[in-house]
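**Q** show me the folded form of this:
(2 chains)
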Protein chains: 2
Amino acid sequence: MTEKKPRRISIAVDMDGVLADTETHFIKYYETESGEKFDRSAMLGIPESQSFPDKTAVSRYVNTAGFFRTLPLIGGAVQAIHTLMKDFDVYIVSAAMEYPLSLYEKKLWLEEYFPFVHWKNIVFCGDKSIIKTDFLIDDHLKNLDNFSGIPLMFTAAHNMNYNHHQRMNNWEEILAYFRSIRQD
Amino acid sequence: MTEKKPRRISIAVDMDGVLADTETHFIKYYETESGEKFDRSAMLGIPESQSFPDKTAVSRYVNTAGFFRTLPLIGGAVQAIHTLMKDFDVYIVSAAMEYPLSLYEKKLWLEEYFPFVHWKNIVFCGDKSIIKTDFLIDDHLKNLDNFSGIPLMFTAAHNMNYNHHQRMNNWEEILAYFRSIRQD
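**A** Numbers count the residues shown, from 1 in each chain, chains lettered A, B, ... in the order given. Predicted coordinates:
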């Protein structure tokens, strides 16, 4: 007989736009490719795919080998995940299946920056509606809207005009939120 | 406002040992490597990792490039998934995260044999306990025991001595089972 551990509150955490700074990476790719400076404020309230004058740019970048392997981190993400794992079951849940080439790159990226997250706690999926955690931290409405638990919207340029989910502007705010509900 | 579709019963389906014939593939690899004929009945009731005289064999095979890309199909799996998809939400859920090299190979394998399964319905995970579907068809107790929905145990040599989950011996039995509960 296996002994059942007491159940802990579980948190699913998205990768792109939440752990990894996809916006900055898109801009870097665009500026390198076009040779022009890009004004970040032009992304506010605009879907990612429509962010740049060249509407095919984002789709090309996410299908370019190396894009997901070289993403920069969102500030505070590594320490915050480390902290949350002390009191919560944390799962990294990425909709990686849309870009098959990204699967291995995303796994290597996680091994580099989050080596303390066990492979059992990593999920690469398509539709996140079948994820059964208590919380989901994500920047995309398509994931948050259909989630069965409590959705927390991580601020991104593309979601600035939506306010039907509780907004988290950065990892400090997330840590403060979960400190207030921590199980003791 | 997006219109909500009526909820359909959802089924998570494991890959290795359920869609893909890992037993036959292990034996083929072992016979090729050792030059000896292997008696399949020696696998009955034995954990996969202990199936062969060389106890390092299985671990080596699953970490060999090409192993997951060249798996043979379990009989009836393709047609059965196609049939189930008419009445149920079917998700392919594989614990692929244990073998990072397998991620891309498994995706290519699915594209070859199950091109009609949308990427949104594919999940590569570690621990399956966070999968929120109504059913899970799997051959491994570690997945079935912790599943929150209804577990169905797909017969494999290694699970022959366990009977605490409803057993399904082949895809014909699974189709008959779901025909009996189909929503009309």
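
**Q** output the below-cut-off pLDDT ranges for chain A.
**A** Applying pLDDT under 70 to chain A picks out residues A:1-5, A:183-184.

**Q** can we see that at 90?
**A** Within chain A, the stretches with pLDDT under 90 are A:1-7, A:98-101, A:181-184.

**Q** domains in chain A, by residue range?
**A** For chain A, automatic domain parsing gives the domain ranges A:10-21+A:72-181, A:25-62.

**Q** which of those domains sits closest to chain B?
**A** Taking CB to the nearest CB, domain A:10-21+A:72-181 is the member of the domains of chain A nearest to chain B, at 3.3 Å. Every C-beta, even on glycine, is put in place using the N, C-alpha and C of the backbone.

**Q** tell me the residues of chain A that contact chain B?
**A** Residues of chain A lying close to chain B (CB under 8 Å from any CB of the partner chain) are A:2, A:10, A:12, A:91, A:96-98, A:100-101, A:103-104, A:107-108, A:111, A:118-127, A:129-133, A:145, A:148.

**Q** buried subset of the residues you listed?
**A** Using 16 or more other CB atoms under 10 Å in any protein chain shown as the burial test, these include A:10, A:12, A:91, A:96-97, A:100-101, A:103-104, A:107, A:119-127, A:129-133 as buried.

**Q** in helices, which of those fall?
**A** Cross-referencing these against helices under DSSP state H gives A:103, A:104, A:107.

**Q** for chain A, what spans make up the strands?
**A** A:10-13, A:89-94, A:122-124, A:135-138, A:150-154, A:166-168 (DSSP state E).

**Q** so which of those comes closest to residue B:174?
**A** Closest approach to residue B:174 among the strands of chain A (CB to CB): strand A:122-124, 24.6 Å.

**Q** who does that closest one touch, helix- and strand-wise?
**A** Applying 3 or more CB pairs under 8 Å, 6 or more residues apart in numbering or on different chains; DSSP states H and E, one finds that strand A:122-124 contacts strand A:89-94, helix A:102-113, strand B:122-124.

**Q** again, only using 6 Å
**A** strand A:89-94 (3 or more CB pairs under 6 Å, 6 or more residues apart in numbering or on different chains; DSSP states H and E).

**Q** partner strands of the strand it packs on, with direction?
**A** Applying DSSP bridges, strand A:89-94 is found paired with strand A:10-13 (parallel), strand A:122-124 (parallel).

**Q** and residue A:103, what does it touch?
**A** A:96, A:124, B:103, B:104 (CB atoms under 6 Å, 6 or more residues apart in numbering or on different chains).

**Q** repeat for residue A:155
**A** A:167, A:169.

**Q** rewinding a little: need the contacts of residue A:103 in a markdown table (columns: distance to residue A:20).
**A** Listed next are the contacts of residue A:103 as a markdown table, based on distance: CB to CB, whole Å:
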| residue | distance to residue A:20 |
| --- | --- |
| A:96 | 11 |
| A:124 | 14 |
| B:103 | 17 |
| B:104 | 19 |
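
**Q** wait, which of those is closest to residue B:17?
**A** residue B:103 (18.0 Å).

**Q** now that closest one: closest residue in space, sequence neighbours ignored.
**A** Spatially, and ignoring its direct neighbours in sequence, residue B:103 is nearest to residue A:103 (4.0 Å; CB to CB, 6 or more residues apart in numbering or on different chains).

**Q** any idea how far the one you found lies from residue B:91?
**A** 17 Å (CB to CB, to the nearest Å).

**Q** cool, and residue A:169?
**A** 33 Å.

**Q** could you do residue A:97 as well?
**A** Taking CB to CB as the measure, residue A:97 falls 11 Å from residue B:91.
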